[in-house]
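> Here is a sequence together with a model predicted from it:
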Amino acid sequence: MQTFLVGGAVRDKLLGLGVADRDFVVVGATPDQMRARGFRPVGKDFPVFLHPETQEEYALARTERKIGHGYHGFAFHADPSVTLEQDLERRDLTINAMAEDEHGAVVDPFGGQRDLADRILRHVSPAFVEDPVRVLRVARFAARYASLGFRIADETLALMQRMVDSGEVDHLVAERVWAETRKALAEPTPSAFLKALRACDALRVVFPEVDALYGVPQRAEFHPEVDTGIHIELVLDMAARLAPRDDLVGWCALTHDLGKALTPKDELPRHHRHEHNGMAPVRALSARLRVPAEHAALAELVCRCHLDAHRALELRPATVLELLERLDSFRRPERLHRFLLACEADKRGRLGFSDSAYPQADFLHSAHAAAVAIDAAPFVTQGLTGTAIGSAMREARVRAIAALRAQRVENS
């Protein structure tokens, strides 16, 4: 029985990055031997065990064989005769197909260290085409390592294109698409995820609502990048900069302008009411991928209200309060924070505007604080009851926001 550290832990250790999770492969063991040593089985499709003390995952070396379409279309074989190299060969990329033995020596049968040095994302074997999730995984790794100069190997991109052309990518299930997308949105350069999917034509299949934005022009005086698809890429990377590892803000950044793909051609490059037109595709995309409820809800709010946030300094105090109420910010202040991060990413996610200020966020945070400070107690003391208390509080909140606006004008 031999145990090897495998996958991402080896890769990131060689890159000099922090290693958060460690996975192990055990060669030459049976499930009974693992249980006898106190390991707890957790794998459903193949033998995976948790270490009795560290709770880290230990999987028996295994091979796999394609028997159907999609992520679940595989038969797995695990027994003591399966070698480490056979186990590593079934992995997606060479940089993920390395192992480290108990003495720290690296086992690298497929050139992963060379590809790390050359900054290449390259498939391990032709079996890559058998699992459509790998298209998404490669795109996600592009988003993770783009800032380090990594690119997808031409031959790997060609295999990804073949998987799209053959219809294999059509068999991706919503849960797997969302799982990989969510991780990609939390990476440092999520725009690389879109670029990779678009380069192999998978964006059209997986995210047709987003793919439709490419080639749609915007007014150059407001959007020097012109192309709406490029704008989305800039907004995604700005969201990652403003809210690192926050896939909720990233999801809002990805979906906030879907309505621009629906603008009639005779109205371009203007996009009148795109914030309204975008609601239907945002809802459809969230429903299709079965995203978490808060992701769906906040994406709709950012789509519908991001222009109100941009105009916050000009809005009437009552309209500012309506925006805060629509966001349910008095019960959920964290929603206002994330909403404004997504809106700021939109405003700064334009060519030449990455370092511009966004005073609207400070104003809306201050308006929220001023409104929250209004307490019901004085109105109860005055003898008000029922809905009259709510009406009085609302009027007082509008006055507080108006006073804040006046003070801002006076200090400017």
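Received it, and whenever you're ready, just let me know what you need.
> For the nearest residue to residue 392 once chain neighbours are set aside, grab phi and psi.
Distances taken as CB to CB, 6 or more residues apart in numbering place residue 379 nearest to residue 392, at 4.6 Å, with adjacent residues excluded. C-beta: built from backbone N, CA, C; applies to glycine. Backbone torsions of residue 379, given as degrees, to the nearest 10, read phi -80, psi -30.
> Residue 379: neighbouring residues, count only.
Number of residues near residue 379 (other CB atoms under 10 Å) recorded here: 19.
> can you check residue 205 too?
18.
> Identify the residues contacting it.
164, 169-170 (CB atoms under 8 Å, 6 or more residues apart in numbering).
> how near is it to residue 164?
6 Å (CB to CB, to the nearest Å).
> in this structure, what secondary structure element scores lowest on mean pLDDT?
Least confident helix or strand of the chain, by mean pLDDT, DSSP states H and E, is strand 74-77 with a mean of 64.
> tell me what the next helix or strand after that strand is packed against?
Following strand 74-77 in sequence order, the next helix or strand is helix 84-89 (DSSP states H and E). Packing partners of helix 84-89 (3 or more CB pairs under 8 Å, 6 or more residues apart in numbering; DSSP states H and E): strand 2-6, strand 23-27, strand 106-107.
> So which of those strands is nearest residue 235?
Among the helices and strands packed on helix 84-89, strand 23-27 comes nearest to residue 235, with 33.9 Å by CB to CB.
> contacts for that closest one?
Residues contacting strand 23-27 (CB under 8 Å, 6+ apart): 1-9, 34, 56-61, 80, 82-84, 87, 99.
> so what strands line up beside it?
strand 2-6 (antiparallel), strand 57-60 (parallel) (DSSP bridges).
> Dump those to TSV, plus distance to residue 290 and mean neighbour count.
As requested, the strands paired with strand 23-27 are exported to TSV (distance: least, CB to CB, whole Å; neighbours: other CB atoms under 10 Å):
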stretch	distance to residue 290	mean neighbour count
strand 2-6	31	19
strand 57-60	26	21
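> To residue 157, which of those lies closest?
Checking these against residue 157 by CB to CB gives strand 2-6 as the closest, at 25.3 Å.
> What's the first helix or strand after that closest one?
Criterion used, DSSP H and E; the element after strand 2-6 is helix 8-14.
> Just give me the longest helix of the protein.
helix 387-411 (DSSP state H).
> Let me see the mean pLDDT of that helix.
Here helix 387-411 scores 92 as its mean pLDDT.
> What are the buried residues along that helix?
389, 392-394, 396-398, 400-402, 404-405 (16 or more other CB atoms under 10 Å).
> now do stretch 321-338
321-324, 327, 329, 335-336, 338.
> Output it as PDB - backbone C-alpha positions only.
These are the backbone C-alpha positions of stretch 321-338, laid out as PDB (Å, rounded to 0.1, in the frame of the first residue of the first chain):
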ATOM      1  CA  LEU A 321     -35.700  55.600  -0.300                       C
ATOM      2  CA  GLU A 322     -37.700  53.600  -2.800                       C
ATOM      3  CA  LEU A 323     -34.500  52.100  -4.000                       C
ATOM      4  CA  LEU A 324     -33.400  51.200  -0.500                       C
ATOM      5  CA  GLU A 325     -36.800  49.600   0.100                       C
ATOM      6  CA  ARG A 326     -36.700  47.600  -3.100                       C
ATOM      7  CA  LEU A 327     -33.400  46.200  -2.100                       C
ATOM      8  CA  ASP A 328     -34.900  45.200   1.300                       C
ATOM      9  CA  SER A 329     -31.800  46.900   2.800                       C
ATOM     10  CA  PHE A 330     -33.400  47.700   6.200                       C
ATOM     11  CA  ARG A 331     -33.700  44.000   6.900                       C
ATOM     12  CA  ARG A 332     -30.700  42.900   4.800                       C
ATOM     13  CA  PRO A 333     -28.000  45.600   4.800                       C
ATOM     14  CA  GLU A 334     -25.500  43.200   3.400                       C
ATOM     15  CA  ARG A 335     -27.600  43.100   0.200                       C
ATOM     16  CA  LEU A 336     -27.100  46.900  -0.300                       C
ATOM     17  CA  HIS A 337     -23.300  46.400   0.100                       C
ATOM     18  CA  ARG A 338     -23.100  43.700  -2.600                       C
END
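> Any stretches of the stretch 51-200 of the chain with poor pLDDT?
By pLDDT under 70, the low-scoring segments of the stretch 51-200 of the chain are 65-76.
> Can you show me the helices along it?
84-89, 112-118, 133-145, 154-165, 174-185, 191-199 (DSSP state H, counting those that start in this stretch).
> The ones you listed: which one's closest to residue 239?
Using CB to CB, those put helix 174-185 closest to residue 239, at 8.0 Å.
> quick one: that closest one to helix 191-199, angle?
Using axes from the mean of the first three to the mean of the last three CA atoms, to 10 degrees, the inter-axis angle of helix 174-185 relative to helix 191-199 is 130 degrees.
> coming back round to it: need the helices and strands packed on helix 84-89 in JSON lines (columns: distance to residue 142).
Compiled in JSON lines, the helices and strands packed on helix 84-89 are given as follows (distance: least, CB to CB, whole Å):
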{"stretch": "strand 2-6", "distance to residue 142": "22"}
{"stretch": "strand 23-27", "distance to residue 142": "22"}
{"stretch": "strand 106-107", "distance to residue 142": "24"}
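> right, and the ones you listed - which one's nearest residue 270?
In terms of CB to CB, the element of the helices and strands packed on helix 84-89 nearest to residue 270 is strand 23-27, at 51.6 Å.
> Could you check the closest one and say which residues are buried?
Buried, per 16+ other CB under 10 Å, within strand 23-27: 23-27.
> Considering those, which is situated nearest to residue 342?
Distances from residue 342 to those, taken by CB to CB, are shortest for residue 23, at 33.7 Å.
> From residue 5, how far out is that closest one?
Applying CB to CB to residue 23 and residue 5 gives a distance of 8 Å.
> and what of residue 12?
11 Å.
> cool, and residue 59?
On the measure of CB to CB, residue 59 and residue 5 end up 12 Å apart.
> next one: residue 309
47 Å.
> Which strands and helices lie in contact with the helix or strand harbouring residue 239?
Assessed by DSSP H and E, residue 239 sits inside helix 228-242. Helix 228-242 is packed against helix 191-199, helix 208-211, helix 247-255, helix 333-348, with contacts defined by 3+ CB pairs under 8 Å, 6+ apart.
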